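Undergrad: Following is a predicted model, sequence given first.
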Amino acid sequence: MEFVQHKPQRGVKLQPLDEIDGFQVRPGYYNRDGATAAQNGVSFTIHSRGATKCTLLLFRPQETEPFAKLEYPESYCIGNTYSMLVFGLNIEEFEYAFQLDGPYDKAKGKLFNKDNVLLDPYAKAVTGQRNWGERPENGENFVYHARVVENNFDWGKIKQLETPLEDLVIYEMHVRGFTKDESSGVTAKGTYEGLRQKIPYLKDLGVNAVELMPIFEFDEMEDARVVDGEQLYNYWGYNTVCFFAPNTGYSSVVEHNHEGDELKQLIYELKENGIEVILDVVFNHTAEGNDDGPCFSFKGIDNDIYYILTPDGNYYNFSGCGNALNGNHPMTRRFIIDCLRYWVTEYRVDGFRFDLASILTRDQKGEPMAEPPIIQEIAYDSILGKVKLIAEAWDAMGLYQVGSFPAFRRWAEWNGRYRDDMRRFLKGDEGLAGTAVTRITGSKDLYDPRMRGESASVNFLTCHDGFTLYDLYSYNVKHNEKNGWDNTDGDNNGNSWNCGTEGETDDPQIEGLRRRMVKNAFVTLMCSRGPAMFYAGDEFCNTQFGNNNAYCQDNRVSWLDWNRLEEYGEIHDFFRYMIAFRKKHPVVRKSMGRSQCGFPEISLHNGYPWNGRTDYECRLIGIMYAGRNEEDTMDDIVFYGMNTYWNPLDLQLPTLPEGRKWKVCVNTFVAYEDGKDIEEETEFQYGTMLKIPPRTAVVLVAE
């Protein structure tokens with residue numbers, strides 16, 4: 001028998017093998033999921049374990065009926081992967097989707113329907129989402145289509161910044177809300193470009209990382225409604241439609257087939273200015289919701305694989321949003337890793353904050369796992385090897401893993417215990433002095449430095465979820481009436497204090513106290529061990545008018561009011577000063593080598609030198625950090641003192657080595673003025689005795 005060996009010739013274009021619905025086709029690129037533009041066509045690849053047939057749909061832009069239906073021949077399927085190269089397609093002239101046929105058995109989680117139009121999970125751009133707050137013209141008949149994207153952004157020689165996590169001051173923000181208000185002064189309000197125009201502001205403030213709330217394509221019109229004449233949306237974006245596609249509603253220009261370029265330019269210029277980019281990612285659920293939700297992607301591809309289902313085929317709702325992704329199934333794991341790699345390589349992001357990350361520790365029955373495969377794979381992946389990994393270590397159904405999240409020596413956590421304990425301590429609650437010391441010095445009760453290092457605890461007092469820092473000291477209770485749920489939504493345990501009057505006031509004493517409380521909180525955050533994070537606008541006392549769950553408020557409730565930057569200029573300058581102080585004295589955020597003077601790395605001086613005891617009524621703490629400076633030329637000694645009591649208290653400072661003396665750098669009782677010598681406003685009674693005013697923080701350094 002004579003065998004004929006087929007050898008591809010170099011430089012020869014791939015040739016069609018079949019014709020389907022008028023198009024020349026051949027098997028495509030099986031190892032490249034989604035749509036891949038080739039020299040003379042486009043390859044379309046999708047995989048499904050349960051499907052029996054696959055059809056590619058091609059649409060003219062903005063049309064609802066396909067101009068071509070290309071059913072994949074059986075020979076174009078290898079394993080569970082369908083791949084077809086379609087010749088003669090111009091990526092600017094079509095949109096695409098899929099239809100999958102297969103068994104329908106609700107009890108077994110099989111939801112195949114050959115008539116459902118399905119969005120490619122690997123789509124790099126989603127159509128119909130361009131104009132924020134607008135429903136597509138076809139309304140209820142709207143289905144998602146994908147568009148092929150040409151990734152040719154030139155990153156040049158730019159490299160990842162790789163700032164150590166413990167050195168980060170993270171600024172959490174909502175892309176739209178940051179500049180949407182008229183007061184922002186940018187020319188492209190509420191967009192990536194608007195944020196880009198604010199980079200000089202961020203650099204001047206001193207933050208070295210921004211954490212962007214969800215920027216994957218989401219549907220702000222999900223559950224859109226009108227309450228008291230105000231249009232409400234799914235504003236925050238925690239309802240992902242497509243994980244590989246940037247939200248086109250945040251782009252200031254139409255970017256057909258180049259979706260993401262404006263976002264990439266933003267990231268490029270942030271990096272050029274020394275600011276890392278961390279994305280808030282939602283791998284715990286999708287916008288397909290529960291049984292009543294739409295079927296536009298995973299449900300119609302492999303519902304029983306991508307979601308955690310009950311024994312009768314319903315959806316576990318660990319997210320509080322209708323469904324939960326089955327993150328530890330091998331196929332879902334691969335999808336998540338592919339997605340993270342894509343954002344690191346194509347968008348050069350520096351890290352990820354994983355929303356409700358504890359869901360990713362659950363197995364296919366919803367039970368928590370000691371060593372979840374997906375958490376481990378992310379930790380050890382070669383492309384993700386140096387990006388920041390931050391877990392929101394809880395979920396909506398009571399799984400709380402702060403301090404116990406499976407870290408594999410890579411993962412950090414939003415330290416919710418820091419937030420809750422420090423809020424209570426700073427407003428003067430009794431019995432928390434000892435706990436406060438533990439939180440400020442790195443929460444070693446939660447994060448063993450030998451196992452987790454010094455960067456496991458991401459410390460924060462405010463974030464998108466809850467009160468702003470100004471509202472934390474302006475409201476005793478939440479005021480979420482405008483959300484339309486009779487004020488039943490949102491956290492009921494915000495540990496806030498209104499300083500004597502609920503809401504806005506003209507009383508100068510209350511307003512002065514609120515400003516001091518804001519400064520106390522930020523001083524404490526900047527003097528705490530571990531990476532620090534605060535919410536955008538806190539630096540100029542932005543308010544949400546007491547709303548602590550502004551997820552639906554696309555209006556002045558959530559938009560930053562930049563007019564307050566002038567009104568609260570002293571607070572802004574104080575924040576800038578404290579960020580610079582933290583950078584100047586790394587001993588407050590990490591170990592810097594043993595001091596030559598013999599002082600311990602961390603020591604306590606609660607009221608008088610070397611006193612580490614706290615009783616139930618203790619409201620005065622003193623923490624001294626000691627180590628070498630960054631140049632290793634001398635000892636760096638920093639003292640943080642906090643009086644949360646409503647009367648002044650005496651604090652005796654430890655005696656310094658000969659030739660050194662204490663200098664007061666911060667006294668929150670005194671209005672901050674740039675360049676002003678705070679020491680002149682601080683009363684030393686004698687020697688090292690310092691009288692701390694009521695509800696006041698002080699910071700001193702050894703000169």
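TA: It's in.
Undergrad: Next, the contact list for Glu346, please.
TA: Taking CB atoms under 8 Å, 6 or more residues apart in numbering, we find Glu346 in contact with 151, 153, 260, 264. No exception for glycine: its C-beta is placed from N, CA and C like everyone else's.
Undergrad: ok, now how distant is the nearest residue to Gln62 once chain neighbours are set aside from Ala37?
TA: Once flanking residues are discounted, Gln62 sits nearest to Thr127: 7.5 Å by CB to CB, 6 or more residues apart in numbering. Taking CB to CB, to the nearest Å as the criterion, Thr127 is separated from Ala37 by 17 Å.
Undergrad: Just want to know which of the two has more residues nearby.
TA: Thr127 (24 against 16; other CB atoms under 10 Å).
Undergrad: returning to what we had before: didn't the residue nearest to Gln62 look like it was pressed against Glu95?
TA: Yes. Assessed by CB atoms under 8 Å, Thr127 is found in contact with Glu95 at 5.2 Å.
Undergrad: list residues touching both of these two?
TA: Common neighbours of Thr127 and Glu95 (CB under 8 Å, 6+ apart) are 61, 145-147.
Undergrad: Go through these and name the one nearest Glu74.
TA: Using CB to CB, Ala146 comes nearest to Glu74 of the shared contacts of Thr127 and Glu95, at 24.4 Å.
Undergrad: For that closest one, give the beta-bridge partners.
TA: For Ala146, the beta-bridge partners are Tyr96, Val126 (DSSP bridges).
Undergrad: residues in contact with it?
TA: 34-35, 95-97, 119-120, 123-127, 242, 245.
Undergrad: From Pro246, how far out is it?
TA: In terms of CB to CB, Ala146 sits 13 Å off from Pro246.
Undergrad: Need the residues touching each of those two.
TA: Counting by CB under 8 Å, 6+ apart, the residues touching both Ala146 and Pro246 are Ala125.
Undergrad: most surrounded residue in the contacts of Glu346?
TA: When neighbours are taken as other CB under 10 Å, the top entry among those is Gly260 (24 neighbours).
Undergrad: Can you list phi and psi of that residue for me?
TA: Dihedral angles of Gly260 (phi, psi; degrees, to the nearest 10) stand at phi 100, psi -10.
Undergrad: now do Glu481
TA: According to degrees, to the nearest 10, Glu481 has phi -60, psi -40.
Undergrad: separation between it and Asn487?
TA: Applying CB to CB to Glu481 and Asn487 gives a distance of 5 Å.
Undergrad: who has more neighbours, those two?
TA: Using other CB under 10 Å as the criterion, Glu481 and Asn487 rank with Asn487 on top: 16 against 13.
Undergrad: The more buried one contacts Asn547, doesn't it?
TA: No. Using CB under 8 Å, Asn487 is not in contact with Asn547, being 9.7 Å away.
Undergrad: list the residues that contact both of these two?
TA: 478-480.
Undergrad: which among these end up buried?
TA: For the shared contacts of Asn487 and Asn547, a burial check counting by 16 or more other CB atoms under 10 Å picks out 478-480.
Undergrad: which non-adjacent residue is nearest Lys663?
TA: That would be Glu703: by CB to CB, 6+ apart, it lies 4.8 Å from Lys663.
Undergrad: can you pull out the strands in the stretch 501-650 of the chain?
TA: With strands called from DSSP state E, counting those that start in this stretch, the stretch 501-650 of the chain shows them at 532-535, 602-604, 620-628, 635-643, 649-652.
Undergrad: Quick one: closest of these to Val666.
TA: Evaluated over these, closeness to Val666 peaks at strand 635-643, with 8.6 Å, by CB to CB.
Undergrad: Alpha carbons of that closest one, as CSV, please.
TA: The C-alpha trace of strand 635-643 is given here as CSV (Å, rounded to 0.1, in the frame of the first residue of the first chain):
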residue,chain,number,x,y,z
ASP,A,635,17.9,54.5,62.7
ASP,A,636,14.4,55.5,61.8
ILE,A,637,12.1,55.8,64.8
VAL,A,638,8.5,56.8,64.5
PHE,A,639,5.9,57.1,67.3
TYR,A,640,2.1,57.0,66.8
GLY,A,641,-0.2,58.0,69.6
MET,A,642,-4.0,58.0,69.7
ASN,A,643,-6.3,59.4,72.3
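Undergrad: Now do that strand: which elements does it pack against?
TA: helix 508-526, strand 620-628, strand 649-652, strand 689-692, strand 696-702 (3 or more CB pairs under 8 Å, 6 or more residues apart in numbering; DSSP states H and E).
Undergrad: Now tabulate the contacts of Ala146 in CSV and tack on pLDDT and distance to Thr688.
TA: Listed next are those as CSV, based on pLDDT from 0 to 100; distance: CB to CB, whole Å:
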residue, pLDDT, distance to Thr688
Gly34, 97, 66
Ala35, 97, 70
Glu95, 97, 73
Tyr96, 98, 73
Ala97, 98, 73
Leu119, 98, 67
Asp120, 98, 68
Ala123, 98, 65
Lys124, 97, 63
Ala125, 97, 64
Val126, 96, 64
Thr127, 94, 68
Cys242, 98, 61
Ala245, 97, 60
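Undergrad: Which single one of those is nearest to Asn113?
TA: Among those, and counting by CB to CB, the member closest to Asn113 is Ala97, at 13.5 Å.
Undergrad: List the contacts of the closest residue to Ser319 other than its chain neighbours.
TA: Spatial nearest neighbour of Ser319, excluding adjacent residues (CB to CB, 6+ apart): His285 at 3.8 Å. His285 sits next to 239-240, 319, 321-325, 356, 359 when contact means CB under 8 Å, 6+ apart.
Undergrad: what's in contact with stretch 371-381?
TA: 327-328, 332-333, 336-337, 340-341, 360-363, 384, 389, 405-411.
Undergrad: Restrict it to CA atoms and write it as PDB.
TA: Extracted in PDB, the C-alpha atoms of stretch 371-381 (Å, rounded to 0.1, in the frame of the first residue of the first chain):
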ATOM      1  CA  GLU A 371      -6.800  23.700  49.300                       C
ATOM      2  CA  PRO A 372      -9.000  24.900  46.400                       C
ATOM      3  CA  PRO A 373      -7.400  24.100  43.000                       C
ATOM      4  CA  ILE A 374      -8.300  27.400  41.400                       C
ATOM      5  CA  ILE A 375      -6.800  29.400  44.300                       C
ATOM      6  CA  GLN A 376      -3.600  27.400  44.000                       C
ATOM      7  CA  GLU A 377      -3.400  27.500  40.200                       C
ATOM      8  CA  ILE A 378      -3.700  31.300  40.300                       C
ATOM      9  CA  ALA A 379      -1.000  31.500  42.900                       C
ATOM     10  CA  TYR A 380       1.400  29.400  41.000                       C
ATOM     11  CA  ASP A 381       0.600  30.400  37.400                       C
END
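Undergrad: what's the weakest-modelled helix or strand in this structure?
TA: strand 684-686 (a mean of 53; mean pLDDT, DSSP states H and E).
Undergrad: so the residue nearest the centre of the chain, which of the three states?
TA: The centroid of the chain falls nearest to Asp280 when counting by CA atoms, centre = their mean (2.7 Å). Of the three states, Asp280 takes strand under DSSP: H, G, I helix; E, B strand; the rest coil.
Undergrad: Show me what it is bridged to.
TA: Under the criterion used (DSSP bridges), Asp280 bridges to Arg353.
Undergrad: what's the spacing between it and His572?
TA: Going from Asp280 to His572 by CB to CB gives 24 Å.
Undergrad: same thing with Ala412?
TA: Distance from Ala412 to His572, by CB to CB: 28 Å.
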